[in-house]
Every structure is written in C-alpha cells, then in structure tokens.
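> Have a look; sequence and predicted model below, questions after that.
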Amino acid sequence: MPPLSVRTMTRLSFPEYLTAIRRESDRFREVLVDCDPAATVPSCPEWTAADLLWHLTTVQHWWGAIVTHRPQTGEELGYVEPDRPASYEELLASFDDTHARFVAAVETADPTEPAYSWSGDPVNHTVGFTYRRQAHEALVHRLDAELTAGKVTPFDTALAADGVDEALDWMYGNLPPWGSFDPLPHYVEFRLTDAGTSVWTQPGTFQGTAPDGTVYTDETDLHVVADPGRAADVVVSGPAADLNAWIWRRRDDAGIEVTGDATVWDLVRTVLDQPLD
C-alpha cells in the first residue's frame, strides 16, 4: 500500500462543533419523528426508537445542566434526571425543549471555561470537552436513528475524521487519574484515506485500583500518540466515515483494510471489541 502524505490530526473549531451538534441533532429528530416508536435499533438492539430518542434527550439534559452550573459535578449540583414521558409525541416535545436549552447553554459559554468532564486529563475539564463530545454523540446517534428508519445518509468527512480521533483518544483511551499505562513498542496507524490524515495509536497495558476498590492488572489498552516517525506495525485504512462508524460498532468492516502484524492487531481488537453506546 503506498504511503499517504500524513499531516498532524487537527480538531474542528468550536463553532464547527456547535454547528455539528445542531445539524446532527436536527437530523436525528427528523428521522425519528415518523418512525415506529417500537422499532428496534439495529445498532443497539436492546433499544427501541423511543428508547433512542429518550437516550439522547437525557444525555443533552445532563450536559446542559453541567454547562449551566459549571464547574460543579452532577453530584455537587444535585442533578436529577427528568421523568420519561409516556407518549412518543411527548418524548419528541421533551427532546425539542431539552435540545434548545442545551444549545443555548453551550453557545453562551466560553469553551475555555472550567467545567466538569469525566476525562482523566485535566486539560479536558472545560466547556470545550462538551462541545466536541456532544457533536460526536449526536453524530453517532443520528446514525442509529437512520439505521432504525432505513434512511442512512453520509457523514461529513471532516467531522468523521475528527470522530475517529475522538473515539480512540477519549472513548477507548481515557486514562483515569488512579490508573497507569505501560506502552508496548508497537504502533498502529488508522489511516483516513479520504481525509489525508492518520491517527496513531500505541497498545499497552493498564493497571490501577479504582475508587470502588476494583483492581485492574495488565489489562490490554490503547492510547492515541503522536506520529512516532517510523513505520506502523499495523495500518488500518479506509474512508473516515467508514472507520468512524466501524470503531463505534455501527457497521461492518467492508471497505476497511488491515495490514501488518497479526499479533499486534489482536491486541487492538481486544480493546475495540469492547462495546460503546
């Protein structure tokens, strides 16, 4: 496979994330409005369309509260999840109201202001974490809604490329403050063929004792790293949208090519086989 000209992965601007939150949430609602509330979500088969609608509603309700009451945690502000409406029409109305309040809270907040986040990296304890995380939350659940209704549309390439980095770095690679990561001398490149970028990762082992007393020892782990300046042991290549949806377990691996050391790839698959909701 010929090498691509690879540049450093860059994030989107905060206005672009806010636009994505609006756009993907609007499409999510547009698809679900005429959907059978009892329809099964293929990518999350334990959910119905009504469950999916309520899920994103509660997610945006939570983060709206977190941004509004920054920098308090949910526990500190005494957060209480709203009661789920009985009818589908009421669920749609609840989503509309929650989404409007969430966007209003985010767009009036400075992304650099301190705010709670679950990230193990203190740098991510800002409103900006919510901007990025919720753009991708809306994107993935928009796809869930489209799969449920059978009306799948393409991902925006730039957002999908950023989503590959976000999923690998934050969703799979989050390192809590009570844990540690020991890297192995191997590198795996996720090459986004249509975006001209790559996300580099390094497998290793995680260990630590969680606040609840659970002990983790030599757990296979994966973290995003800078381009190491050497050939990858494994290259995973494909269009950004395909890789993003595949990493989120929303599609199969058709059109995605994996080349390199099978043993190293097995380590990566151990991490990626863990489900994301």
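Happy to help now that I have it.
> quick one: contacts for the nearest residue to residue 121 once chain neighbours are set aside?
Nearest residue to residue 121, sequence neighbours excluded (CB to CB, 6 or more residues apart in numbering): residue 175, at 7.3 Å. Where C-beta positions appear, they are placed from N, C-alpha and C, glycine not excepted. Residue 175 makes contact with 120, 121, 181, 206, 223 under the criterion CB atoms under 8 Å, 6 or more residues apart in numbering.
> And residue 175, which helix or strand is it part of?
Remark: residue 175 resides in no helix or strand, with elements defined by DSSP states H and E.
> and the gap between residue 246 and residue 106?
According to CB to CB, to the nearest Å, residue 246 and residue 106 sit 28 Å apart.
> Have a look at the two and say which one is more surrounded.
Between residue 246 and residue 106, residue 106 has the larger neighbour count (other CB atoms under 10 Å), namely 22 against 19.
> OK, contacts around that one?
18, 21, 63, 64, 67, 127, 130, 131, 134.
> Closest one of those residues to residue 83?
residue 64 (16.4 Å; CB to CB).
> What about the residue nearest to residue 194 when sequence neighbours are not counted, how many residues nearby?
Once flanking residues are discounted, residue 194 sits nearest to residue 239: 4.7 Å by CB to CB, 6+ apart. Here the count is done by other CB under 10 Å, and residue 239 has 19 residues near it.
> Distance of residue 239 relative to residue 187?
Counting by CB to CB, the gap from residue 239 to residue 187 is 22 Å.
> Okay, and which of the contacts of residue 106 map to helices?
Among the contacts of residue 106, DSSP state H puts 18, 21, 63, 64, 67, 127, 130, 131, 134 in helices.
> does the second one really touch residue 103, like I thought?
It refers to residue 21. Yes - with contacts counted by CB atoms under 8 Å, residue 21 reaches residue 103, the gap being 6.6 Å.
> neighbour count winner among the two?
The neighbour comparison of residue 21 against residue 103 (other CB under 10 Å) goes to residue 21, with 26 against 17.
> if we can go back for a sec, which residues sit in contact with the residue nearest to residue 194?
By CB under 8 Å, 6+ apart, residue 239 lies in contact with 157, 160, 192, 193, 194, 255.
> Just the buried ones from those?
160, 192, 193 (16 or more other CB atoms under 10 Å).
> Need these in a markdown table (columns: pLDDT and secondary structure).
A markdown table is the format used below for the buried ones among the contacts of residue 239 (pLDDT from 0 to 100; DSSP: H, G, I helix; E, B strand; the rest coil):
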| residue | pLDDT | secondary structure |
| --- | --- | --- |
| 160 | 98 | helix |
| 192 | 97 | strand |
| 193 | 97 | coil |
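> in stretch 109-122, what's buried?
Within stretch 109-122, the residues scored as buried using 16+ other CB under 10 Å are 109, 111, 115, 116, 117, 119.
> ok so, going back, if we only consider the buried ones among the contacts of residue 239, which is nearest to residue 276?
residue 160 (15.3 Å).
> all helices of this structure, in order?
Using DSSP H, helices in the chain cover 14-32, 49-68, 74-77, 88-107, 127-149, 157-166, 240-247, 262-272.
> closest one to residue 211 among the ones you listed?
Across the helices of the chain, closest to residue 211 is helix 74-77 (CB to CB), at 12.9 Å.
> now the closest one, how far from the chain's geometric center?
Centroid separation between helix 74-77 and its chain, computed with CA atoms, centre = their mean, to the nearest Å, is 23 Å.
> Let me see the mean pLDDT of that helix.
The average pLDDT within helix 74-77 is 94.
> which outside residues touch that helix?
Under the contact criterion CB under 8 Å, 6+ apart, helix 74-77 has outside partners 62, 65, 66, 69, 116.
> Residue ranges in the stretch 1-150 of the chain under the pLDDT threshold?
1-10 (pLDDT under 70).
> Scan this structure for its longest strand.
Looking across the chain with DSSP state E, the single longest strand is strand 197-209.
> Are there helices or strands packed against that strand, and which ones?
Packing contacts for strand 197-209, counted by 3 or more CB pairs under 8 Å, 6 or more residues apart in numbering; DSSP states H and E, involve helix 157-166, strand 179-183, strand 188-192, strand 215-225, helix 262-272.
> Hmm, residue 201 and residue 165 touching each other?
No - under the criterion of CB under 8 Å, residue 165 makes no contact with residue 201, lying 9.9 Å away.
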